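> Let me see the structure of the following:
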Amino acid sequence: MSDKSQTGVSNDRTPSPIRQLDAREWWLWGLAVAVTLVLTFGILSLTFPGLHWATDEVHSQTLKEWVRGLAALVLLFDVYTVYQHLQLQRIRRRLAEQERLFHLISENAADMIAVVDPHGRRLYNSPAYQRILGYTPDELAATSSMEQVHPDDRARVLEAARKVYVTGRGDRIEYRIRHKDGSWRVLESMASTIPGSDGDTQGLIIVNRDITERKHAEALLEHRTFYDGLTNLPNQALFLDRLQRAVGVSRRHRDFRFAVVFIDIDQFKVVNDSLGRTLGDELLMQIARRLTACLRGSDTISREPNRDAACPPGDHTLARPGGDEFIVLASELRDPSDAIRISERIRERLALPFAVNGREIVITASIGIVFSGAGESSAEDVLRDAEIATHRAKRAGKDRCEVFDSAMQSDAVQRLQLETDLRNGLERDEFLVYYQPLVSLQYGRIIGFEALSRWKRPQGVVSPAEFIAVADETGLILPLNRQLLLEACQQLRRWQELFPSDPALVLSVNVTAKQFAQPDLAAQISEVLQQTAIDPRSVHLEITENIAMGDATTSDVALSKLKALGVGLSIDDFGTGYSSLSRLRRFPVDTLKIDRSFISGIASDPETLEIVRVIIILAHTLGLKVIAEGIEDEQQRETLQRFGCEVGQGYLFHRPEAAPTIEGLLRRQRASMSRGSSHKAQEISHIRRMSKEFHG
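As a prediction, the model looks like this:
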């Protein structure tokens, strides 16, 4: 909007209606005076000596005509005067209407309109001043227009006014003005000059708009853009800005040292799942306050410095990028060891119990540290390296600190490439199912198989140890294991038809934590069983001890659904986790599978030997069968057989192989059994010999 449209004042030289009215009135009065003088002179001339008209009839007639002319002139003047009076009345009514309209607009306008003279004295203030600022007209009239302006803004307001007087145009400015209650309001103002008749400036018309609420909203939006809504700590965007500044300073000043400490709360999901997100958020706020108290110096959360002598010197920025993660930017370090001391202090403080809603909660944290000068090129690179170090700390067992090195980045790049290759491998059907025989230790014959995934890349077959963990973390294990179960069940059905036995050959398939957590796991497995038309009793699902012993309610429900399908259930890696014997007794499981770490030590470690013996006794007491995995020599087999272990699995019998190799092994076993070979030692020897043949 231009200045003219805002103020209603024109800066050109066109006469205003008031000037037209004044000119017309002066013209009318001047004409009246002139006509009056002429008539007066005409009448008086009749009385002047020597100017008498003759008394004859001609002259008498002339006099009459003269008098008639004067009367007509008076009549014309009266008509003209009435006309001009009517015109003046019309103009006055129009001006009155404009004045009424101006007052109506100014009194109801949301904006504050003011007129001031060149000395800053208030000539007019619209009623909006009282409505917005609380001042009455008398209070405003008794003060200067600058008295309510904030002292820090007065110079800028005066400079803007001076510019308006000089150029005739004003810039839009924002300044603070005092409310009657003492608070400060923010105004947006535009000013225009009031031109005088001689071209000078008679004053200013100022239009003020109250934008206090808008400024508050903008400030709130900016705060939400750069600060975490839960803890009020800086978020990742603000932290990266601070970190980028530190990177820039470290490039210019080689003696400037900083470190980034990345903090990830261990197992925080358990808190949310058990206590709910509300109490989880309360715990996060307490963690933020405890970290804030631990870090001294100025930071981006505008708090008073906490001069804790136990903390190393330096300025620290604490931020929460999201979730259960916190980051510290430790600046101006004297030595890299300062960052390690900060990390250890943080771990010590976080290890103290938290009180949340009457509950005592103990947490741990995995921490990654990256130092300046590690070859970083940007703030994002530094943050990435710190996060890589944190992930390494978690994989190493949690509740510890790890310092970033270049090897970590290389591992992270390789892991990312492996994840990409995994996705591509699924699309290209590069995953194969291998089978490792399960052997009856009593009869020495194959009774079933464990189905295992193998990845056949163009470079060769990849061991599960290299990709299963990544597949599980990324969720790719779900489609991978669904594919494995379907193919393995189809293959088992074929072998059961080719090599009938009593009982029939069985199939063991591992169930990962992500699979076990799926609510529809039982439905998925049921669909595969129906699709392959296989007897559910021939399929055994292996669930690790840690998964089964997790959340009691969830585990009981999931295991009950699976057992209702008719499949067998096995506790895998038994002995490596923490088992509750009372819960194990209630579980609808059929088999315990002793972890290979125990089997490898039974010949050399008496304590391990005793543990294995007790596990077998415990399983039999609970009515469970036992499978020992990782059997590699004859002594281990004989010991397990002596303890009553029913089934063995390991390289002593056979390595995992593709279906054609296993099928050949089954054919040889059937041929051997058909020749009436009944001595179990001869059968085991024969199986080992066949295994060597297939391995070249």
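
> All the strands of the stretch 1-150 of the chain, residue numbers only.
Here the stretch 1-150 of the chain has its strands, by DSSP state E, counting those that start in this stretch, at 112-116, 122-125.

> ugh, wrong one, I meant the stretch 401-550 of the chain
All strands of the stretch 401-550 of the chain, identified by DSSP E, counting those that start in this stretch, fall at 401-403, 431-440, 446-457, 460-462, 506-511, 539-544.

> Let me see the residues that make contact with the one helix or strand Glu638 maps to.
The secondary structure element spanning Glu638 is helix 634-643 (assigned by DSSP states H and E). Taking Cβ atoms under 8 Å, 6 or more residues apart in numbering as the criterion, the residues outside helix 634-643 that touch it are 441-442, 599-600, 602-603, 609, 612-613, 616, 628, 631, 648, 650, 652, 684. (Each C-beta comes from the backbone N, C-alpha and C, glycine too.)

> Could you rerun that using 6 Å?
When contacts are defined by Cβ atoms under 6 Å, 6 or more residues apart in numbering, helix 634-643 is touched by residues Leu441, Ile599, Ile602, Ala603, Arg613, Ile616, Ala628, Ile631.

> How confident was the prediction at the closest residue to the second one other than its chain neighbours?
The spatial neighbour of Ile599 that comes closest, neighbours along the chain excluded (Cβ to Cβ, 6 or more residues apart in numbering), is Gly630 at 4.6 Å. Confidence per residue is given as pLDDT, and for Gly630 that number is 91.

> could you pull out the helices for the stretch 301-450 of the chain?
Under the criterion DSSP state H, counting those that start in this stretch, helices of the stretch 301-450 of the chain are mapped to 336-351, 379-395, 406-427.

> from those, which stretch is densest packed?
helix 379-395 (a mean of 21; mean count of other Cβ atoms under 10 Å).

> now what about that helix, what contacts it?
By Cβ under 6 Å, 6+ apart, the residues outside helix 379-395 that reach it are 240, 243-244, 247, 260, 262, 264, 366, 368, 370, 376, 400, 402, 404, 408, 412.

> 8 Å - rerun?
Counting contacts by Cβ under 8 Å, 6+ apart, the residues outside helix 379-395 that touch it are 236, 239-241, 243-244, 246-247, 260-264, 266, 327, 366-370, 372, 374, 376, 400-404, 408-409, 411-412.

> Show me those residues that map onto strands.
The strands in this structure, assigned by DSSP state E, contain 260-264, 327, 366-370, 401-403 from those.

> from these, which is closest to Arg423?
Taking Cβ to Cβ as the measure, Arg423 lies nearest Asp264 of these, at 25.4 Å.

> one step back: can you say which of the contacts of helix 634-643 are buried?
Neighbour counting with 16 or more other Cβ atoms under 10 Å marks Leu441, Ile599, Ile602, Arg613, Ile616, Ala628, Ile631 as buried within the contacts of helix 634-643.

> Dump those residues into a markdown table; add secondary structure and distance to Gly566 as well.
Putting the buried ones among the contacts of helix 634-643 into a markdown table (DSSP: H, G, I helix; E, B strand; the rest coil; distance: Cβ to Cβ, whole Å) gives the following:
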| residue | secondary structure | distance to Gly566 |
| --- | --- | --- |
| Leu441 | coil | 26 |
| Ile599 | helix | 30 |
| Ile602 | coil | 34 |
| Arg613 | helix | 32 |
| Ile616 | helix | 26 |
| Ala628 | strand | 26 |
| Ile631 | coil | 29 |
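
> pLDDT score assigned to the closest residue in space to Leu295 that isn't next to it in sequence?
Leaving aside its sequence neighbours, Leu295 sits nearest to His316 (Cβ to Cβ, 6+ apart; 4.1 Å). Note for His316: predicted pLDDT of 78.

> Counting neighbours, what do you get for His316?
His316 has 25 neighbouring residues, counting by other Cβ atoms under 10 Å.

> Let me see the contact set for Asp573.
Contact analysis of Asp573 by Cβ under 8 Å, 6+ apart lists Thr544, Glu545, Asn546, Lys593, Asp595.

> run the last query once more with 7 Å
When the contact criterion is Cβ atoms under 7 Å, 6 or more residues apart in numbering, the partners of Asp573 are Thr544, Glu545, Lys593, Asp595.

> is it possible to export these to CSV including neighbour count?
Supplementary listing: these in CSV, determined by neighbours: other Cβ atoms under 10 Å:
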residue, neighbour count
Thr544, 22
Glu545, 20
Lys593, 26
Asp595, 20
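
> what's the next helix or strand after the helix holding Glu638 packed up against?
Tracing the chain past helix 634-643, the next element assigned as helix or strand by DSSP H and E is strand 647-649. If you count contacts as 3 or more Cβ pairs under 7 Å, 6 or more residues apart in numbering; DSSP states H and E, strand 647-649 packs onto strand 431-440, strand 625-629.

> Which strands or helices does the last one pack on?
In terms of contacts (3+ Cβ pairs under 7 Å, 6+ apart), strand 625-629 is packed against strand 591-594, helix 596-599, strand 647-649.

> how does it look with 8 Å?
When contacts are defined as 3 or more Cβ pairs under 8 Å, 6 or more residues apart in numbering; DSSP states H and E, strand 625-629 sits against strand 591-594, helix 596-599, helix 606-621, strand 647-649.

> Now these in TSV, please, with extra columns for distance to His223 and mean pLDDT.
Below are these laid out as TSV (distance: least, Cβ to Cβ, whole Å; pLDDT from 0 to 100):
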stretch	distance to His223	mean pLDDT
strand 591-594	56	90
helix 596-599	54	88
helix 606-621	59	90
strand 647-649	61	93
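
> Including distance to Ala504, could these go into JSON lines?
Conversion of the helices and strands packed on strand 625-629 to JSON lines gives the following (distance: least, Cβ to Cβ, whole Å):
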{"stretch": "strand 591-594", "distance to Ala504": "16"}
{"stretch": "helix 596-599", "distance to Ala504": "27"}
{"stretch": "helix 606-621", "distance to Ala504": "23"}
{"stretch": "strand 647-649", "distance to Ala504": "15"}
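
> These: which one's closest to Glu218?
The closest approach between Glu218 and any of those, judged by Cβ to Cβ, belongs to helix 596-599 at 62.0 Å.

> residues making contact with that closest one?
Applying Cβ under 8 Å, 6+ apart, the set of residues contacting helix 596-599 from outside is 575-576, 608, 611-612, 615, 628-631, 636, 640, 650.

> what are the bridge partners for the residue positioned nearest the centre of the chain, then?
The residue lying closest to the centre of the chain (Cα atoms, centre = their mean) is Gly322, at 6.5 Å. According to DSSP bridges, Glu325 are recorded as the beta-bridge partners of Gly322.

> what's it in contact with, if anything?
With contacts defined as Cβ under 8 Å, 6+ apart, Gly322 is in contact with Asp228, Asn235, Gln236.

> one step back: need the contacts of helix 634-643 in CSV with distance to Glu527, can you?
Conversion of those to CSV gives the following (distance: Cβ to Cβ, whole Å):
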residue, distance to Glu527
Leu441, 35
Ile599, 35
Ile602, 41
Ala603, 45
Arg613, 41
Ile616, 36
Ala628, 32
Ile631, 35
